[in-house]
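Colleague: Whatever this is, show me its structure:
(2 chains)
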Amino acid sequence: MERFFQYFFDGLSVGAIYTLLALGLVVVFRGTGHLNFAQGEMAMFCTFLVWQIQDWGVPLWISVLLGMVLGFLLGAITEVVLIRPIAKRSAGAVFVITIALFLGLNSLASMIWGALPSEAMPNLFPDEPDDFVRIFGAVWRYESIGILVVALVLCGLLFAIFAKTKFGLAMRAVASNSDSARLVGIRTGTVLMASWGIAAAMGALSGSLVAGSNGEVTSNLMFTVFIYASAAATLGGLDSPGGAVIAGLSIGVVENMAAGYFPLWIGQEMKLSVALLTIFVVLLVKPSGLFGSTRIERV
Amino acid sequence: MTALLEVTDLHAGYGPIEVLHGLNLEVAEGEVVVILGANGAGKTTTIRAISGTIPRRGAISMAGHDIGHTSADAIVRHGVAQVPQGRGTFPDLTVEDNLRVGAYVRSDELEEDLDTWFGVFPRLAERRDQKAGGLSGGEQQMLAIARALMSRPKLLLCDEPSLGLAPLITKEMFEVIGRLNRDQGLSVLLVEQNANLAIKIAHRVYLLETGRIVASGTADEISKDDSIRKAYLGY
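Modeller: Down below sits the predicted model:
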């Protein structure tokens, strides 16, 4: 039972990071119908910015907040300058643009911080060997608890914005019917710009958590995280924020359990495949994802 | 009566195809104006050109302001609300959220207005917390109208509100629009194929054929004109 709780908890903490990145994908997809393939690289780039800021002597947590603000700007500017002019002409071309952005940001990071850049990133949470509590016999490291709490608080904040604010209502309206959204006076351009900004800011936080946990920030920081996150977004249903949270956490738990209980024939090397196989099966049964809307429209 | 909406030499279309070839029309304050026309005459294009959802040329003046080059979201702020063809509700939002988002351009006295429209449309009140996508066609049309009215418009644009509705529901809906006009002085510009019902609540009528206004007159004049009656009213 101890083992179960250990794998479960470790899975939740890892899943929380996938969730942050997946929510960013969902926020953009809901508004525009585009999958942002550069979401992971935007997060990586912002994490380098965080590293740079704290390297200049700014306190770590303030650096993370500044990184999120810069991330918001990066996302917003990307939408206005790169995505919007193309999206008007061809939806398929947006796909190409996000791939180009993926490669471009990766190269840009190498240009600024050196070829195959790697910088030592301090952990955001206490990380000494004895920084843990035992709950149900399992070791809950402060670091993992911290990641989980920060991620869940941010998700909660995002959901509150969606449900309770006028801006959230506008975002939901644009996602549901963007033509009618304009007809009630919503500046849909502003909403889309903000959606990209929010997505990139969440990526910045997600990247900082990963880098802090790994102890370094590298240009391939988010490769696997992005695969898990896009899997989580797909599994949850691309247009469902709640689905992304549940799917993100579940994927973290499933891969950790699989790797933990079957260390010989799954282990750390194959756990990604297990997660993806699970998703494959779910999507075969339910193509719109667990919580995605198969839209019912009565005429 | 002073003109609330004045459209002069309006051209609009889709890409290289021009649908409207220089339209002139006006709606006075407190007036219900109906544009009748067959399929493809340019009815929907007219509505969309006025509300700014498609590119257009020509002068459009709303309550003295030039809105000929104004974007759709800003035109709402000039007091124009549109009920688009095919309802145009937000299927993933609840009925109440649909109405709240309808009042996006204002923020005061929202609750009062919600009560007002739930009073006018009791069916919507019953379904307050349901997603709009699950409503029947008639309920969605009522919701689309209520949502448009939540912005407290001076002018309501309706694009074929009877499309796809059962005759009884259509009748009820025109009664509601007529009542809003009489009781609250709401000005309405409505395009329809269903001429018989629309003409009953109209003060004035325009006939639209292939992108041009070919005749206009008071509702009485139009319904008394033999050739027009045969072509548009079918009796």
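
Colleague: What ranges does the chain have for its strands?
Modeller: Answering for chain A, as no chain was given. Using DSSP state E, the strands of chain A run over A:118-120, A:132-135, A:138-141, A:216-218.

Colleague: nope, chain B
Modeller: B:3-14, B:17-28, B:32-37, B:56-62, B:65-66, B:80-83, B:155-159, B:187-192, B:204-209, B:212-218.

Colleague: Which one, of those strands, ends up nearest to chain A?
Modeller: strand B:80-83 (5.1 Å; C-beta to the nearest C-beta). C-beta coordinates here come from the backbone N, C-alpha and C atoms, glycine included.

Colleague: Please list the residues outside that closest one that contact it.
Modeller: The contact list for strand B:80-83, computed with C-beta atoms under 8 Å, 6 or more residues apart in numbering or on different chains, reads A:183-184, B:5, B:47, B:50-51, B:53, B:62, B:67, B:88, B:102, B:141, B:144-145, B:148-149, B:151, B:153-159, B:161.

Colleague: go on, stretch B:8-24?
Modeller: B:7, B:42, B:45-46, B:48-50, B:54-61, B:208, B:210-213.

Colleague: do stretch B:137-147 as well
Modeller: A:184, A:298-299, B:83-84, B:87-89, B:95, B:98-99, B:101-102, B:117, B:120-121, B:123-124, B:127, B:132, B:135, B:156, B:158, B:161, B:164-166, B:169, B:172-173, B:176-177.

Colleague: how about 6 Å then?
Modeller: B:83, B:87-89, B:98-99, B:102, B:117, B:121, B:123-124, B:132, B:161, B:164-165, B:169 (C-beta atoms under 6 Å, 6 or more residues apart in numbering or on different chains).

Colleague: Tell me the one of those nearest residue A:190?
Modeller: Closest approach between the contacts of stretch B:137-147 and residue A:190, by C-beta to C-beta: residue B:102, at 18.5 Å.

Colleague: Who are the contact partners of whatever residue of the stretch 1-150 of chain A ends up closest to chain B?
Modeller: The minimum distance from the stretch 1-150 of chain A to chain B, using C-beta to the nearest C-beta, falls at residue A:30 (9.5 Å). Residue A:30 makes contacts with A:175, A:239, as judged by C-beta under 6 Å, 6+ apart.

Colleague: What distance do you get for it to residue A:15?
Modeller: Residue A:30 sits at a distance of 21 Å from residue A:15 (criterion: C-beta to C-beta, to the nearest Å).

Colleague: How about the contacts made by the residue in the stretch 101-250 of chain A that chain B sits nearest to?
Modeller: As assessed by C-beta to the nearest C-beta, chain B sits closest to residue A:185 within the stretch 101-250 of chain A, at 3.6 Å. Contact analysis of residue A:185 by C-beta under 6 Å, 6+ apart lists B:73, B:76, B:104-105.

Colleague: number of nearby residues for the closest residue to residue A:140 other than its chain neighbours?
Modeller: In this structure, residue A:140 finds its nearest non-sequential neighbour in residue A:133, 5.2 Å apart by C-beta to C-beta, 6 or more residues apart in numbering or on different chains. Neighbours of residue A:133 under the rule other C-beta atoms under 10 Å in any protein chain shown: 10.

Colleague: which residue packs closest to residue A:238, ignoring adjacent ones?
Modeller: Residue A:238's closest residue in space is residue A:29 (C-beta to C-beta, 6+ apart), at 4.8 Å.

Colleague: What score does the one you found have for pLDDT?
Modeller: Each residue has a pLDDT score; the one for residue A:29 is 90.

Colleague: For chain B, what lies in contact range of chain A?
Modeller: Applying C-beta under 6 Å from any C-beta of the partner chain, one finds that chain B approaches chain A through B:72-73, B:76, B:82, B:88, B:90-93, B:101-102, B:104-105, B:133.

Colleague: rerun at 7 Å
Modeller: B:51, B:53, B:72-73, B:76-77, B:82, B:84, B:88-93, B:97, B:100-102, B:104-105, B:133-137, B:151, B:164 (C-beta under 7 Å from any C-beta of the partner chain).

Colleague: Of these, grab the buried ones for PyMOL.
Modeller: Buried subset of these, written as a PyMOL selection, criterion 16 or more other C-beta atoms under 10 Å in any protein chain shown:
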select buried, chain B and resi 51+53+72+73+76+82+84+88+89+90+91+92+93+97+100+101+102+104+105+133+135+137+151+164
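
Colleague: Check which helices and strands the lengthiest helix in chain B sits against.
Modeller: Across chain B, the longest stretch assigned as helix under DSSP state H is helix B:167-184. The helices and strands touching helix B:167-184, judged by 3 or more C-beta pairs under 7 Å, 6 or more residues apart in numbering or on different chains; DSSP states H and E, are helix B:137-149, helix B:195-201.
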